[in-house]
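# just need the structure, nothing else, for what follows:
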Amino acid sequence: MIMKRIFNIYIIGCLVLLSSTVTFGQKGKLSYADHQYEQSNYMEAAKGYESAFDKKATYKAAKGAALSYDKLGAYQDAHKWWTEVIGFEDATSADYSHYLSSLQQNGKLQELEAALLASSFPNAGSNIHLDSLKAWYASPRTIELISLELNSSAADYGIAFDPAGNTYFSSDRGEVSSSGKKSIRIDGANKFSAKYNEMTGRDFIKIYKEGANGQAASVPSVVPQTYHFADPHFVQSQSLVFYTLTRDLGKVKKNRNYTIHPELYFSTINEQGQWTDFKAFPYNAVLEHGVITPFVDEQEKKLYFASDRAGGLGGYDLYYVTYDEQWNFGEPVNLGPAINSAGDERDPYISDGIFYFASDGRIGLGGLDLYQSERQGGKFGAAKNLGLPYNSPQDDYAFRKDADGVLYLSSNRTSGRGLDDIYRIDDLYRQFIGRAVDCEGEALIDGLEVQLIQKSDGLAVESKQAGEGTFTADLSPDTDFQLKLSKSGYFGLTDATLTTKGLTSDKLEKEYVLKKIPYQTVVAEDTIYYNFDDSKIRPDAEPVMRQVAELMKKYTFLGILVKSHTDSFASDEYNEALSQKRANAVRDFLGDYGIARSRVTSEWFGEQQLVNDCGDGVPCPASAHQQNRRSELILMAFPDKGANYEFPKELEGMDLADLGKLQQLINCR
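Residues are numbered from 1 along each chain as shown. Below is the predicted model:
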């Protein structure tokens with residue numbers, strides 16, 4: 001059965017179809033599948049072609065399956081089979097164009113770009129607008145789509161609201177139809193039919209009303225012999241509702257293979273909410289063309305609708321008619337090429353002077369896309385694609401707004417609960433665009449790490465890097481965030497002031513300057529001395545040691561390198577051990593002041609690095625030998641080369657007179 005959108009009924013009598021479980025040869029399977037395809041029974045045709053392909057992998061079988069799934073709007077299955085098709089030598093430029101479209105309809109942008117470059121067919125892909133796709137994917141709108149609780153595993157779409165605030169929608173969630181309809185096969189012969197599944201056993205499409213308890217009940221059609229019944233639109237200033245339906249006309253032709261097109265009707269609603277009478281739209285032509293998706297502009301007194309009537313630009317076009325107080329209608333007016341295309345347009349809707357509609361005949365992301373057009377002086381301006389995530393690679397349509405200004409759309413995107421779902425559009429996000437540069441203003445490209453969290457709950461917020469040091473994220477409104485940036489060789493940076501509170505724009509842009517880490521910068525040097533054959537810190541060295549300890553306590557990014565030495569008396573082995581003891585004495589002294597051992601690096605050299613010529617056997621005065629009994633204290637900023645450091649908080653806005661050399665290094669000149 002058909003899923004939605006078009007309600008063509010082919011009345012062919014009681015035709016007994018052979019079950020797909022019957023065993024055929026490959027040729028027989030293809031013939032069976034071809035017959036089903038010709039009868040517009042695309043689901044059964046797809047199964048037949050797949051079965052034939054399993055029997056013998058041929059170009060014809062693969063292409064038949066691909067075309068069948070295209071007719072059904074089953075984009076993932078169609079892509080699978082177009083991938084098979086282009087692997088055959090028989091593949092044509094048209095086949096490759098289908099393959100490229102299947103990549104687009106599944107959101108495979110990188111593969112699409114590669115396939116366009118690799119194409120051996122010069123004209124294939126002429127309908128692909130890669131630059132537009134890249135722009136949409138690079139800059140999605142800051143909204144979130146929430147699937148409504150009323151959605152089911154079936155097709156649910158086209159939300160509507162009556163003047164009392166009741167919610168209505170269209171759905172095929174019903175059970176198997178009653179016996180009176182079993183001889184009717186519902187097919188979608190028009191390409192406007194996105195998909196159907198005769199084998200699901202679901203009922204015809206009906207209009208449902210959501211009750212106060214959240215349960216949905218079908219609204220009975222007041223038009224006799226109704227099959228499909230959908231697309232309700234309520235006139236808010238009156239108790240009136242417009243809708244689309246298909247109905248059984250009985251045997252109107254001797255040839256029993258004919259098409260019943262969808263029609264537009266309207267009914268009065270009584271005080272109990274019941275639809276009482278019904279009137280047919282005067283431009284219905286049930287055996288000639290369809291009329292669907294009504295919308296009434298009550299200010300302009302115009303009724304908009306979609307129709308594939310003769311004289312259009314192609315497929316279903318959008319039209320309007322004027323009406324008077326008695327609902328007498330003027331002549332249909334085609335909205336023209338600013339709105340209509342060679343494809344199909346549907347679901348007209350006007351809000352705040354903006355005209356919204358769905359189309360599959362324009363530059364888009366794939367399938368039906370949502371567009372908007374501004375009315376200027378009674379004319380419609382150029383149509384603009386709403387972009388991601390309003391649109392997806394699949395079908396997106398039926399844009400609507402409720403009395404509170406909440407927006408909705410319908411879509412069969414792959415993340416949905418059913419075949420088609422109704423989504424609430426929550427403008428929950430503000431687009432954050434950050435840029436990281438160095439002191440010279442050059443973008444920090446490689447190795448930039450971005451961590452963004454929401455302060456209220458500590459949850460991470462996903463960010464994406466867009467190149468050239470730029471990164472983006474969707475931020476919730478009226479919320480505080482914390483951003484951390486890090487890159488090897490640069491100070492980590494934390495922005496705890498990032499917020500969307502009070503932000504009136506939907507975009508927040510900030511630039512961050514990351515400063516290079518001046519690894520192992522010497523900020524102070526001194527030397528302490530020891531008594532002969534001793535490693536204790538002398539009283540005259542204690543003031544220096546205390547000053548070093550205080551600096552290290554104050555500035556946690558400081559480390560110290562201790563190089564300890566001895567005079568030339570005693571053996572080399574003895575002196576090396578003594579110099580190690582002297583280095584350990586410095587470490588232990590600092591430890592008593594709370595300086596961690598990890599911040600102290602020790603080296604000992606014994607008598608290998610004398611400051612004078614007082615080596616073994618050289619006569620020198622005692623004062624000269626004393627100069628060699630020493631520890632050199634080298635105080636360094638950021639001593640661990642290659643380590644990641646946050647910019648020290650203690651340096652922000654502080655007087656660095658005691659670390660003047662470092663001050664020059666850590667600030668951008």
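# so what's the closest residue to Leu578 other than its chain neighbours up against?
Nearest residue to Leu578, sequence neighbours excluded (CB to CB, 6 or more residues apart in numbering): Thr566, at 5.0 Å. (Glycine included, C-beta is placed from N, CA and C.) Neighbouring residues of Thr566 by CB atoms under 8 Å, 6 or more residues apart in numbering: 575, 578-579, 582, 606-607, 628-629.
# if we go to 10 Å?
530, 532-533, 535, 572, 574-582, 604-610, 625, 628-630 (CB atoms under 10 Å, 6 or more residues apart in numbering).
# the stretch 201-350 of the chain: strands as residue ranges?
For the stretch 201-350 of the chain, the strands identified by DSSP state E, counting those that start in this stretch occupy 206-210, 216-218, 226-235, 240-247, 259-260, 263-268, 279-280, 291-297, 302-307, 317-322, 333-334, 345-351, in order along the chain.
# determine the longest helix present in this protein.
For the chain, the helix with the greatest residue count under DSSP state H is helix 572-592.
# what mean pLDDT does it get?
Model confidence over helix 572-592 averages 96 on the pLDDT scale.
# could you do stretch 479-496 as well?
92.
# again, but for stretch 627-646
Stretch 627-646 shows a mean pLDDT of 91 in the predicted model.
# do the same with stretch 349-364
Stretch 349-364 comes out at a mean pLDDT of 92.
# kindly report the same for stretch 172-190.
Stretch 172-190 shows a mean pLDDT of 42.
# what of stretch 60-73?
For stretch 60-73, the per-residue pLDDT values average out at 88.
# how far does that stretch sit from the chain's center?
28 Å (CA atoms, centre = their mean, to the nearest Å).
# going by neighbour count, list what's buried in that stretch.
Neighbour counts using 16 or more other CB atoms under 10 Å place 60-73 of stretch 60-73 among the buried residues.
# swap in stretch 543-554?
For stretch 543-554, by 16+ other CB under 10 Å, it's 545, 548-549, 551-552.
# can you list these in a markdown table and add secondary structure and distance to Ile159?
Converted to a markdown table, the buried residues of stretch 543-554 look like this (DSSP: H, G, I helix; E, B strand; the rest coil; distance: CB to CB, whole Å):
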| residue | secondary structure | distance to Ile159 |
| --- | --- | --- |
| Met545 | helix | 77 |
| Val548 | helix | 73 |
| Ala549 | helix | 71 |
| Leu551 | helix | 68 |
| Met552 | helix | 67 |
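# which one among those gets closest to Arg247?
Distances from the buried residues of stretch 543-554 to Arg247 were compared by CB to CB; the smallest belongs to Met552, at 89.1 Å.
# test my guess that that closest one contacts Ala596.
Yes. A contact is recorded between Met552 and Ala596 when judged using CB atoms under 10 Å, the distance being 9.3 Å.
# shared neighbours of these two, which are they?
Taking CB under 10 Å, 6+ apart as the contact criterion, the residues that touch both Met552 and Ala596 are 559, 590.
# low-confidence ranges in the stretch 201-350 of the chain?
Within the stretch 201-350 of the chain, the ranges that satisfy pLDDT under 70 run 201-203, 250-258.
# now, the buried residues of stretch 60-73 that are in helices?
Under the assignment DSSP H, the buried residues of stretch 60-73 contribute 60-72 to helices.
# pick out the most distant pair among these.
Distance extremes for those: the farthest pair is Lys60 and Leu72 at 18.8 Å, using CB to CB.
# in which helix or strand does Asp54 reside?
In this assignment (DSSP states H and E), Asp54 forms part of helix 42-55.
# buried set for that helix?
Neighbour-count burial for helix 42-55, with 16+ other CB under 10 Å as criterion, is recorded at 42-53, 55.
# helices along the protein, start to end?
Chain-ordered helices for the chain, with DSSP H as the definition, fall at 26-38, 42-55, 59-72, 75-85, 93-105, 109-118, 130-138, 542-554, 572-592, 622-628, 660-666.
# now the ones you listed in JSON lines, with distance to Ile354?
Conversion of the helices of the chain to JSON lines gives the following (distance: least, CB to CB, whole Å):
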{"stretch": "helix 26-38", "distance to Ile354": "41"}
{"stretch": "helix 42-55", "distance to Ile354": "36"}
{"stretch": "helix 59-72", "distance to Ile354": "32"}
{"stretch": "helix 75-85", "distance to Ile354": "29"}
{"stretch": "helix 93-105", "distance to Ile354": "26"}
{"stretch": "helix 109-118", "distance to Ile354": "28"}
{"stretch": "helix 130-138", "distance to Ile354": "19"}
{"stretch": "helix 542-554", "distance to Ile354": "61"}
{"stretch": "helix 572-592", "distance to Ile354": "71"}
{"stretch": "helix 622-628", "distance to Ile354": "87"}
{"stretch": "helix 660-666", "distance to Ile354": "52"}
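# quick one, which of those helices gets closest to Ser239.
Closest approach to Ser239 among these is made by helix 59-72 (38.8 Å; CB to CB).
# helices or strands next to that closest one in the packing?
The contact analysis (3 or more CB pairs under 10 Å, 6 or more residues apart in numbering; DSSP states H and E) places helix 59-72 against helix 26-38, helix 42-55, helix 75-85, helix 93-105.
# which residues touch the nearest residue to Ala443 once chain neighbours are set aside?
When the adjacent residues along the chain are set aside, Ala443 lies closest to Gly469, with 3.3 Å between them (CB to CB, 6+ apart). Contacts of Gly469 were listed using CB under 10 Å, 6+ apart, and they are 434-438, 442-446, 448, 487, 511-512, 514.
# please apply the same query to Arg546.
Neighbours of Arg546 in contact, by CB under 10 Å, 6+ apart: 589-590, 593.
# and the residue nearest the centre of the chain, how far from Arg141?
Among the residues of the chain, the smallest C-alpha distance to the mean C-alpha position (CA atoms, centre = their mean) belongs to Pro389, namely 6.3 Å. Computed as CB to CB, to the nearest Å, the Pro389 to Arg141 distance reads 7 Å.
# now do Gly559
Gly559 sits 49 Å away from Arg141 when distances are taken as CB to CB.
# neighbour count winner among these two?
Gly559 (20 against 17; other CB atoms under 10 Å).
# do you know the pLDDT at the more buried one?
Looking at Gly559, its pLDDT is 94.
# hang on, the earlier thing: which neighbours do Pro389 and Arg141 share?
Residues touching both Pro389 and Arg141 comprise Ile425, with contact defined as CB under 10 Å, 6+ apart.
# quickly note the distance from Tyr323 to Lys301.
For Tyr323, the distance to Lys301 under the criterion CB to CB works out to 6 Å.
# overlap in contacts, the two.
By CB under 10 Å, 6+ apart, Tyr323 and Lys301 have these common neighbours: Gly330.
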